[in-house]
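> Give me a 3D structure for the following:
(one chain, ligands or ions: 1)
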Amino acid sequence: MTTSTTRTELGAQTLWRQDRDHFIHPFTDYSTFHEQGCDLITDSDGIYVQDAHGNRFIDGIAGLWCVNVGHGRAEIGQAMADQATRMAYFSTFNNLSNAPAAELAAKLAELAPAHLNHVFYSCGGSAANDATIRLVHYYFNRLGKPSKKRIISRNNAYHGTTYMAATLTGIASNNWEFDTLDHLVTHLSEANCYRRPEGMSEAEYCDHLVAEFEETVERIGADNIAAFIAEPIMGAGGVLVAPEGYHARMQAVCRANDILFIADEVVTGFGRLGHFFASEKVFDTQPDIINCAKGLSSGYAPLGATLISDELFEVLGTPQGKGGVLSTGFTYSGHPVSCAAALKNIEIIEREDICKNVREVGPYLEERLKTLSHHATVGDVRGSHFMMCLENVADKATKELLPVDARVGDRVAFEAQQRGLIIRPVGHLNIVSPPLIWTRETVDRVVDILDEAFAATTESLREDGFL
Ligand code: PMP
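Numbers count the residues shown, from 1 in each chain. Prediction:
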């Protein structure tokens, strides 16, 4: 019996119950989950996904900012099947390797900024960030600077949920009643142009943020700081685009103080902002390390990668100490099936010039989403290219938020889903981060749906006395 036959016979209700009773979902509200259960997504194709009841939706979140080339790419499935049949897995420890891992490392070195030529593989974004911090600490230990341990991150950053990545993350609600490794991380203010201090120009705001970093370095001491980590555009924290010149100036502070600059391109990498990597092409920075995951394999298989500069690798890859063994890595570092998926994914991005589609359609998406600003709750529409967000407020003049129990983000997402579009609610925000193959026609359909969804939300908020 094939899996799909089994699924048909079990039926959607049985699966719904199995899920509710046994699957602990990540980032799920357990005050409602036991009653509501899951929405079972069973099929996908291009820009669409379909649920167990046969309802079809436009995917407005690329799975979870990751299905960059769109769903149902048979050739990626085939590449994975071919690799799994030929050699599904073997160790990459102790000098062993496999063809897709080697080929992909070379391809990533070709695509990344010129000085990033070395790849450390992991299984996703959190693991990539965790592995990176371990390597950074190891690097400074080897240089005889063992006090350089602290990592500077930012409030509202999202870097994952393994212990270190969760500590780097600056979204307070993510760590409620969880523990963190606070002695290793200091958070600066996020760069939030919409909510910057009253009366400050964007340029002054940038000065203010850079000064905060300089003061923090002064206070903690450069000798105690290993690295600064930042997403080029903050994603889950609210798609926050920093003021012009911010990243380059933060990098300059790093350079002046022997602090490594880490770009977390887990979301921005692989085309979302119109280039394979945003750091150099969009933000004029040359990170010492770029982390990627998600779009690297377009979500067809779990994979993360840390791209390391020649300068760092000279220290990491030099035999010292205990026989020169680099004693870190995962069973699945360089998993052949994941790497085969990534290679085919990159081939598709290049062949179809998907980055060019993002550069052409992205500005149109920004422009059309901004037309939704006339709705009562839409206080800010921001982002860049295929990474966009709408911020809901109670009052546009004061930017005051609606009460949490109005669940405005959920309401908008629900209304959109009723009309055939999945977008992501995060508190009072709605995030749009689609597959990179949306066309202008798709954008027009999406904006029509969102127009209705925001109108219906305003009506329901008024009915419930929130507006
Ligand atoms: N970094 C960033 C910027 C992310 O957005 C995410 C996931 N949304 C992660 C890291 C963590 O990736 P993963 O969920 O694959 O562990």
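> Next, find the distance separating the residue lying closest to residue 96 once chain neighbours are set aside from residue 411.
Using CB to CB, 6 or more residues apart in numbering and skipping residues adjacent in sequence, the residue nearest residue 96 is residue 90, 6.4 Å away. Just so you know, the C-beta spots here come from the backbone N, C-alpha and C atoms, and that holds for glycine as well. From residue 90 across to residue 411, the span is 50 Å (CB to CB, to the nearest Å).
> Quick check: residues of the stretch 251-400 of the chain near the ligand?
The stretch 251-400 of the chain comes close to the ligand at residues 264, 266-267, 293, as judged by CB under 6 Å from any ligand atom.
> ok, residue 359 touching residue 366?
No. Using CB atoms under 8 Å, residue 359 is not in contact with residue 366; the gap is 11.9 Å.
> Common neighbours of those two, please.
residue 385 (CB atoms under 8 Å, 6 or more residues apart in numbering).
> These two: who's more crowded?
Each of residue 359 and residue 366 has its neighbours counted (other CB atoms under 10 Å); residue 366 has more, 18 against 15.
> on that earlier part again, which residues sit in contact with the residue nearest to residue 96?
Applying CB under 8 Å, 6+ apart, the residues near residue 90 are 96, 98, 336.
> Around the ligand, pick out the residues from the stretch 51-200 of the chain.
Counting by CB under 6 Å from any ligand atom, the stretch 51-200 of the chain sits next to the ligand at 124-126, 129, 158-160.
> Could you tell me which of those residues are located in helices?
125-126, 129 (DSSP state H).
> Would you format the residues you listed as TSV with pLDDT, neighbour count and distance to residue 377 included?
Supplementary listing: these in TSV, determined by pLDDT from 0 to 100; neighbours: other CB atoms under 10 Å; distance: CB to CB, whole Å:
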residue	pLDDT	neighbour count	distance to residue 377
125	98	30	31
126	98	24	32
129	98	31	34
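> which one among those gets closest to residue 315?
residue 129 (19.9 Å; CB to CB).
> The closest one contacts residue 231, correct?
No. With contacts defined as CB under 8 Å, residue 129 does not count as touching residue 231, sitting 10.6 Å away.
> list residues touching both of those two?
Shared contacts of residue 129 and residue 231 (CB under 8 Å, 6+ apart): 159, 264, 266.
> Residue 341 belongs to a helix?
Yes. Counting by DSSP: H, G, I helix; E, B strand; the rest coil, one finds residue 341 located in a helix.
> Please name the residues that touch it.
76, 79-80, 297-298, 300-301, 303.
> from the residues of the stretch 51-200 of the chain next to the ligand, which two are the most distant?
Greatest spacing in these, by CB to CB: 124 and 158 (13.0 Å).
> Which pLDDT does the model give the residue nearest to residue 96?
For residue 90, the pLDDT comes out at 98.
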